[in-house]
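Enquirer: Model the following, please.
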Amino acid sequence: MERAAAEPRRRIPAVDALLRSDPGRRASATFGRALVKRTLTKTLDEVRAAAARGVAPPPDDEILAAALARASSAAHGLGRVINATGVVLHTGLGRAPLPEAAAASAARIASGYSDLEIEPETGARGRRSARAEVLLTAVTGAEDALVVNNGAAAVLLALAALARGKHALVSRGELIEIGGEFRIPDIMAAAGVRLVEVGTTNRTRLSDFRAALSDKTALILKVHPSNYRVVGFTAEPPARDLAALAAKNGVPFMYDIGSGLLEHVAGIPADEPSAEGALADGADLVVFSGDKLLGGPQAGVILGRAALVDRLRRHPVARAVRVDKMQVSALEHVLAAHASDRRAEIPTWRMLREPAEHVRHRAELLARTLDGELAGARVVACDSAVGGGSLPGYVVPSSGVEVSSPEPAGMAARLRTGSPPVFCRITERGVLLDLRTVTEEELADLARAVQYAREWDDPDGE
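Expert: Here you go, the predicted model:
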C-alpha cells in the first residue's frame, strides 16, 4: 500500500527542474524568480497532497501552467471584472463601485502631494478627514463625525474608548456575524469589553435591558441584523426607548446601523434604519460602513454627540484605524453627491433604482448580439440582490440572459478565468447573466467573453 501511494509522488517534478525549463526561465525574467519559485512550491505541495490521496499527478506542463498563472495574477495585481451576478454590493468583487469623479480624484491625490493634514489658510496641522466630517454633519444633522478605515474598526474604536474594562448590553438576537467572520462577541473581547447578553434570540424587551443594568454598565449597544431577518414570534425594543433608558441611567446608547443609509428615500424598505433616523431617535453614537448603501469607498463612519466623538478621536486606537488619502478623497466626492441630492451619480444608487424596463433593454441587446453566434441564449426575468450585508430578503426586479450549457459549472469557471473575467450565476440549464449590474459599455466585452466560453461546449460550432 505504501509503495503504491509513493509511486504517484515519484512522478512529481522538483521545483528546480521546472524553474530551469524554458517557460520557467521566461517567467522568472518577467515576474521575478522569487515569485515564480513561491507559486511553484505552493502548486507542487497541492499536487503532492492530492497524490497522497491517490489522485494521479497532472503532466508537468499543466503543473507549470497553473503555477505561472498564479505568478501572473500576483504580479499584475487586482483586475477589473464584469459583475453579471446581479448582486449590487458584491463583497467578493469589491462592493460599491465608485463614481467616476470619486475614482479620478483618488487617483489624482495618490499620484502627488495633497493638503491631507494641512490647513491652507494657516499652514497649521489639520485633520485628514475634516472635510468629509463637515459633509457628514451637514447631511445627517449630527453634532460631530469621525471617519476610520472600515465599519468593524468603527465598532472596535467606540467599544475600546467607551467601555473597556466594563459591560456593554446587547440583545441576543443581535449578536451578529457578517462576512469575514466579523462577530460582535469577538470584537467586544478584542476591545476589552464584557458582553452582557440580554433577552432571547427572538424576543427581547425593554424590561430585559432594565434588569441587566448595573454599576458596571458602560454602554447599551443596538446592532441592526443587516444580513438576516428574525421573523415570526419576535419582539425588540425600539431604538427610541433604548436611548431613553440609556440617558436615564447615564450611559451612552450606540446604534450600529450597518448598511450606511443616510436618510430614507423612496424604494428602500421602511424598516431599514437610517443614520438620520437613528440620531433622531436619540442615539448618542451611530456607526456604519462607507462601502455599502452610502456607495463610497471602504470606510467606517461614526456620528453623534461631540463629546463622545472627541473621546474616540483622541483614543490611541483611532490612529491605528485611520483612513488614507485615497479613501478620504473618494469619500468626500460621494458625500458631496449625497449633500447636493445627486445620488444618480453614485453607481450603487443608480443600479438599485434603475427601472426594470431599462435593465430588460440591455438584456435584449445582449441576447440579440449573441443570437446567431450561439444557440440557447434567452432573456429571462430574475431578481437582483443588494448584497454586502444590506437589506436581507429585499430584491429588485431585473432581467438577464440565460445561456444554456451542458456543463454550467464549467462554463461559469471559463467565464471567471477569461479576459475580461465575468462572474455570473449558475442555473440548471446553464449560466445566468443578470444585467442590472452590467453597464451598456460592458455589453460588447461580455458578449465576446460568453462566445469564447461557449465554444468549449460546442467546439465545432454545431
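Enquirer: Any idea how many residues pack against Asp271?
Expert: 9 (other C-beta atoms under 10 Å). Backbone N, C-alpha and C define where each C-beta goes, glycine included.
Enquirer: residues in contact with it?
Expert: Not one residue lies near Asp271 by C-beta atoms under 8 Å, 6 or more residues apart in numbering.
Enquirer: Per-residue pLDDT of it, please?
Expert: We have a pLDDT of 82 for Asp271.
Enquirer: same check, this time on Lys37
Expert: Looking at Lys37, the pLDDT reads 94.
Enquirer: That one contacts Val15, doesn't it?
Expert: Yes - contact criterion C-beta atoms under 8 Å: Lys37 and Val15 qualify, at 6.3 Å.
Enquirer: buried ones in the lengthiest helix in the chain?
Expert: In the chain, assigned by DSSP state H, the helix with the most residues is helix 33-52. Neighbour counts over helix 33-52 (16 or more other C-beta atoms under 10 Å) mark 35-40, 43-44, 47, 50-51 as buried.
Enquirer: any idea which residue sits dead centre in this protein?
Expert: Thr91 (3.0 Å; C-alpha atoms, centre = their mean).
Enquirer: mind checking how far that one is from Val422?
Expert: Note on Thr91: its distance to Val422, by C-beta to C-beta, to the nearest Å, is 18 Å.
Enquirer: about what we covered before: any chance of the buried residues of helix 33-52 in a markdown table, plus distance to His338?
Expert: Output for the buried residues of helix 33-52, formatted as a markdown table (distance: C-beta to C-beta, whole Å):
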| residue | distance to His338 |
| --- | --- |
| Leu35 | 42 |
| Val36 | 46 |
| Lys37 | 49 |
| Arg38 | 44 |
| Thr39 | 43 |
| Leu40 | 49 |
| Thr43 | 47 |
| Leu44 | 51 |
| Val47 | 51 |
| Ala50 | 51 |
| Ala51 | 56 |
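Enquirer: any idea which of those residues is closest to Glu117?
Expert: Leu35 (35.3 Å; C-beta to C-beta).
Enquirer: which residues sit in contact with the closest one?
Expert: Contacts of Leu35 (C-beta under 8 Å, 6+ apart): 71, 74-75.
Enquirer: rerun that using 6 Å as the cut-off
Expert: By C-beta atoms under 6 Å, 6 or more residues apart in numbering, the residues touching Leu35 are Ala71.
Enquirer: ok, Thr234 touching Asn202?
Expert: Yes - assessed by C-beta atoms under 6 Å, Thr234 is found in contact with Asn202 at 4.9 Å.
Enquirer: Show me the shaky parts of the chain.
Expert: 1-10, 179-181, 227-228, 372-375, 456-462 (pLDDT under 70).
Enquirer: domain ranges for it?
Expert: With domains defined by automatic domain parsing, the chain comprises 2-76, 82-93+350-455, 100-343.
Enquirer: quick one: contacts for Pro23?
Expert: Leu64.
Enquirer: same thing but at 7 Å, please
Expert: Residues near Pro23 by C-beta atoms under 7 Å, 6 or more residues apart in numbering: 64, 68.
Enquirer: Please identify the buried residues of the helix or strand containing it?
Expert: Using DSSP states H and E, Pro23 sits in helix 22-31. Across helix 22-31, burial judged by 16+ other C-beta under 10 Å covers 24, 27-28, 31.
Enquirer: Now for those: which two are most distant?
Expert: Gly24 and Phe31 (10.7 Å).
Enquirer: Spatially nearest residue to Gly192, not counting backbone neighbours?
Expert: Nearest residue to Gly192 in three dimensions, chain neighbours excluded: Arg164, at 4.3 Å (C-beta to C-beta, 6 or more residues apart in numbering).
Enquirer: wait, isn't that neighbour in contact with Val193?
Expert: Yes - under the criterion of C-beta atoms under 7 Å, Arg164 makes contact with Val193 at 6.2 Å.
Enquirer: Those two - which one has more neighbours?
Expert: Taking neighbours as other C-beta under 10 Å, Arg164 and Val193 compare with Val193 leading, 24 against 14.
Enquirer: That one and Leu262, how far apart?
Expert: 28 Å.
Enquirer: for Val55, same thing?
Expert: 53 Å.
Enquirer: When these two are compared, which one has more neighbours?
Expert: A count of neighbours by other C-beta under 10 Å puts Leu262 above the other of Val55 and Leu262, at 23 against 11.
Enquirer: got a list of what that one touches?
Expert: Counting by C-beta under 7 Å, 6+ apart, the residues that Leu262 touches are 139-140, 274-276, 294, 338.
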